[in-house]
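*Asks:* heads up, no residue letters with this:
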């Protein structure tokens with residue numbers, strides 16, 4: 001029978017039309033780390049080698065890329081971004097268009113696969129078939145906005161697309177027993193796992209689908225299983241060689257380990273709470289948010305009905321799936337699809353660094369769509385009344401989901417729009433509040449009008465404070481909240497108080513160190529406060545020389561407590577033995593306490609590092625002079641004079657030394 005092309009066109013058109021309004025959108029959330037701030041992606045085609053051999057986050061964070069729980073090795077979508085950059089430059093609108101097209105194609109491929117898998121008629125009442133109904137519900141479901149409207153979500157789209165193609169080739173092998181289909185299935189599945197590792201869950205889904213819908217010989221199961229296992233194994237070998245074994249890696253930062261500090265019971269009660277939210281969002285996808293960080297998802301125990309009810313539901317689903325498997329119930333198959341694909345992102349087996357995310361059910365949603373399609377199909381094939389009910393139900397569902405999808409896409413316009421909208425949903429999220437405040441902070445930095453800048457910063461402050469009330473150790477909020485007070489009021493003491501809190505959490509914070517040194521050196525003239533601040537910094541980090549140097553230097557310049565100056569500058573020199581400024585200051589202060597040999601040793605070392613500092617040579621000359629070596633003193637005074645002849649002190653020292661030598 002000739003294949004009907006109409007459903008293909010309809011599904012493609014609907015899928016594409018729903019996301020047309022994403023094309024004007026800009027970059028958002030993780031697009032920064034993967035695309036426009038990732039140096040490997042920004043290299044274009046020449047960066048593909050780095051993409052294939054580095055953690056996905058290394059292009060932005062370098063050696064700190066492993067701070068994200070689990071590691072990220074998903075090179076295929078990044079390669080597509082690199083190619084885009086080579087061809088179009090930094091153009092988010094092209095990227096959104098490509099996401100849209102890939103999504104629409106995947107929906108069409110899903111329909112084709114299901115049509116084949118369920119052996120449905122290709123003509124006639126196609127709109128009532130399980131294949132079309134499943135693909136249609138999948139296409140319009142608003143949970144997909146988290147992947148399709150966010151450019152970085154292409155890894156989900158590509159993974160699912162390639163899984164479907166591998167699944168389709170495996171099905172063809174079951175039916176015609178041609179080796180080429182296994183080889184092509186291997187290729188497609190390899191592309192799937194290199195897009196995202198969640199494809200591995202289809203090692204279960206693909207074979208079990210043939211148990212439910214084909215009567216294949218046991219040898220056939222082994223043959224179709226082999227290529228997709230080999231593809232998965234090859235991916236794991238490459239992944240391990242690139243980023244190592246990141247499983248079991250201890251993460252001590254709450255934003256990358258939401259279960260930090262929880263008991264075993266609290267962790268799993270909270271996990272089942274999130275699994276319950278997923279079920280709710282399948283049927284009623286509202287409200288939607290990018291932000292399920294702590295503590296939008298609260299910590300609960302098993303005495304809470306929000307944990308017990310989902311646990312009960314999932315146990316029931318599991319029983320239905322097991323019992324239904326023996327009966328080859330299509331509903332059991334749908335449940336297996338949902339449970340299997342969710343397993344890897346559920347946090348049940350291992351922590352994935354986040355409580356939950358709408359994109360985590362991108363593929364799991366297929367199970368829901370299948371179950372709903374099976375139910376609606378039964379009504380379509382029943383009495384006339386039931387067919388009308390099915391039509392009305394499907395029409396309302398598709399319309400409601402479509403409207404919700406289009407509306408949600410507008411929220412993804414950019415970070416400021418998305419964060420500003422979702423912070424009102426995820427009100428108890430430290431990440432959400434800090435992210436929105438940080439976007440306001442960045443917007444304020446762009447303002448040329450001081451009053452407008454301060455107005456925006458004032459708007460940001462309550463969100464930073466809210467983030468800190470939820471998570472007091474949130475360094476991003478601590479640092480930027482401190483900056484707000486300095487930028488608005490010049491209040492450096494409040495800023496540095498927040499910096500000290502940040503250093504208590506992260507003693508190596510580059511933002512704190514950079515800003516502290518810059519502001520203190522250039523904009524603060526308060527020696528006693530500076531001594532206090534740097535002394536407090538030392539309590540939090542003894543590995544860096546700068547605070548020891550600044551404390552010692554202030555004691556030296558004040559002419560007070562020279563022993564303290566020697567102590568702190570000696571500590572600085574022990575950490576940074578080749579730092580010119582440290583050696584020079586230590587040499588000078590040793591001279592002030594009449595330890596001329598130590599003074600000269602440090603100053604002589606200093607001038608090997610910087611050979612044009614007249615003051616250093618003068619002080620060396622003075623150490624020789626006070627010890628009666630006028631010849632050596634003259635030698636170094638003349639070097640100082642040669643470097644800076646305009647300094648009268650250098651000239652006078654030369655004259656006096658010459659007189660003492662009778663020259």
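*Replies:* Perfect, thanks for sending it. What you see is a predicted model, and the numbers here were worked out from it, not measured in a lab.
*Asks:* least trustworthy helix or strand in the protein by mean pLDDT?
*Replies:* helix 58-61 (a mean of 86; mean pLDDT, DSSP states H and E).
*Asks:* Run through who's touching the next helix or strand after that helix.
*Replies:* As assigned by DSSP states H and E, the chain's next helix or strand after helix 58-61 is helix 75-88. With C-beta atoms under 8 Å, 6 or more residues apart in numbering as the contact definition, helix 75-88 has outside contacts at 34-35, 38, 40-45, 47-48, 51-52, 56, 91, 94-95, 98, 151-152, 154-155, 158, 191, 194-196. Placement of C-beta: from N, CA and C, glycine included.
*Asks:* picking that back up, show me which positions of the least confident helix or strand of the chain end up buried.
*Replies:* 58-61 (16 or more other C-beta atoms under 10 Å).
*Asks:* Stretch 350-359 too?
*Replies:* 351-359.
*Asks:* Report the buried residues of the longest helix anywhere in the chain.
*Replies:* The residue-count maximum for a helix in the chain (DSSP state H) belongs to helix 384-411. Residues of helix 384-411 classed as buried by neighbour count (16+ other C-beta under 10 Å): 390, 394, 397-398, 401-402, 404-406, 408-409, 411.
*Asks:* Relative to residue 557, how far out is residue 525?
*Replies:* 11 Å (C-beta to C-beta, to the nearest Å).
*Asks:* In terms of neighbours, single out the busier of these two.
*Replies:* residue 557 (13 against 7; other C-beta atoms under 10 Å).
*Asks:* Any idea how far the helix or strand containing the more buried one is from the middle of the chain?
*Replies:* Counting by DSSP H and E, the element that carries residue 557 is helix 546-558. Averaging C-alpha positions (C-alpha atoms, centre = their mean, to the nearest Å) puts helix 546-558 39 Å from its chain's average.
*Asks:* Between which two of the buried residues of stretch 350-359 is the distance greatest?
*Replies:* Maximum pairwise distance among these (C-beta to C-beta): 18.6 Å, between 351 and 358.
*Asks:* Can you show me the helices along the stretch 501-650 of the chain?
*Replies:* With helices called from DSSP state H, counting those that start in this stretch, the stretch 501-650 of the chain shows them at 510-523, 527-540, 546-558, 562-575, 580-592, 596-609, 614-626, 630-643, 648-660.
*Asks:* quick one: the fourth one to helix 527-540, angle?
*Replies:* What it means is helix 562-575. In terms of direction (axes from the mean of the first three to the mean of the last three C-alpha atoms, to 10 degrees), helix 562-575 departs from helix 527-540 by 40 degrees.
*Asks:* tilt between helix 562-575 and helix 546-558?
*Replies:* 150 degrees.
*Asks:* same check, this time on the first one
*Replies:* Helix 510-523 runs at 10 degrees relative to helix 546-558, counting by the same axes, to 10 degrees.
*Asks:* Show me the shaky parts of the protein.
*Replies:* Counting by pLDDT under 70, the chain has low-confidence residues at 1-2, 63-70, 121-124, 247-250.
*Asks:* Apply 50 and report the result again.
*Replies:* 1, 65-69 (pLDDT under 50).
*Asks:* any chance you could map the strands in it?
*Replies:* Read by DSSP state E, the chain holds no strands at all.
*Asks:* gap between residue 62 and residue 238?
*Replies:* Taken as C-beta to C-beta, the span from residue 62 to residue 238 is 21 Å.
*Asks:* So if I had to pick from these two, which one is more boxed in?
*Replies:* Neighbours were counted for residue 62 and for residue 238 using other C-beta under 10 Å; residue 238 has more, 16 against 11.
*Asks:* Can you add distance to residue 307 and give the buried residues of helix 58-61 back as CSV?
*Replies:* Formatted as CSV, the buried residues of helix 58-61 follow (distance: C-beta to C-beta, whole Å):
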residue, distance to residue 307
58, 37
59, 39
60, 36
61, 35
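*Asks:* related to what we said a few turns ago, are any of the contacts of helix 75-88 buried, and if so which?
*Replies:* If we count by 16+ other C-beta under 10 Å, these have these buried: 34-35, 38, 40-44, 47-48, 51-52, 56, 94-95, 98, 151-152, 154-155, 158, 191, 194-196.
*Asks:* Which ones among those lie within helices?
*Replies:* Going by DSSP H, the helices hold 40-42, 48, 51-52, 94-95, 98, 154-155, 158, 191, 194-195 from the buried ones among the contacts of helix 75-88.
*Asks:* So which bits of stretch 603-619 are buried?
*Replies:* 603-607, 613-619.
*Asks:* Rebuild these as TSV, extending it with distance to residue 208.
*Replies:* Converted to TSV, the buried residues of stretch 603-619 look like this (distance: C-beta to C-beta, whole Å):
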residue	distance to residue 208
603	78
604	78
605	73
606	74
607	77
613	76
614	82
615	80
616	78
617	82
618	85
619	82
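*Asks:* now, which of these sits nearest residue 659?
*Replies:* Checking the buried residues of stretch 603-619 one by one against residue 659 (C-beta to C-beta), the nearest turns out to be residue 618, at 17.1 Å.
*Asks:* Go ahead and confirm the closest one touches residue 653.
*Replies:* Yes - between residue 618 and residue 653 there is a contact at 6.4 Å, judged by C-beta atoms under 8 Å.
*Asks:* what residues are shared contacts of those two?
*Replies:* 637, 640.
*Asks:* Next up, the contacts around the closest residue to residue 145 other than its chain neighbours.
*Replies:* In this structure, residue 145 finds its nearest non-sequential neighbour in residue 408, 4.4 Å apart by C-beta to C-beta, 6 or more residues apart in numbering. Counting by C-beta under 8 Å, 6+ apart, residue 408 touches 142, 145, 149, 288.
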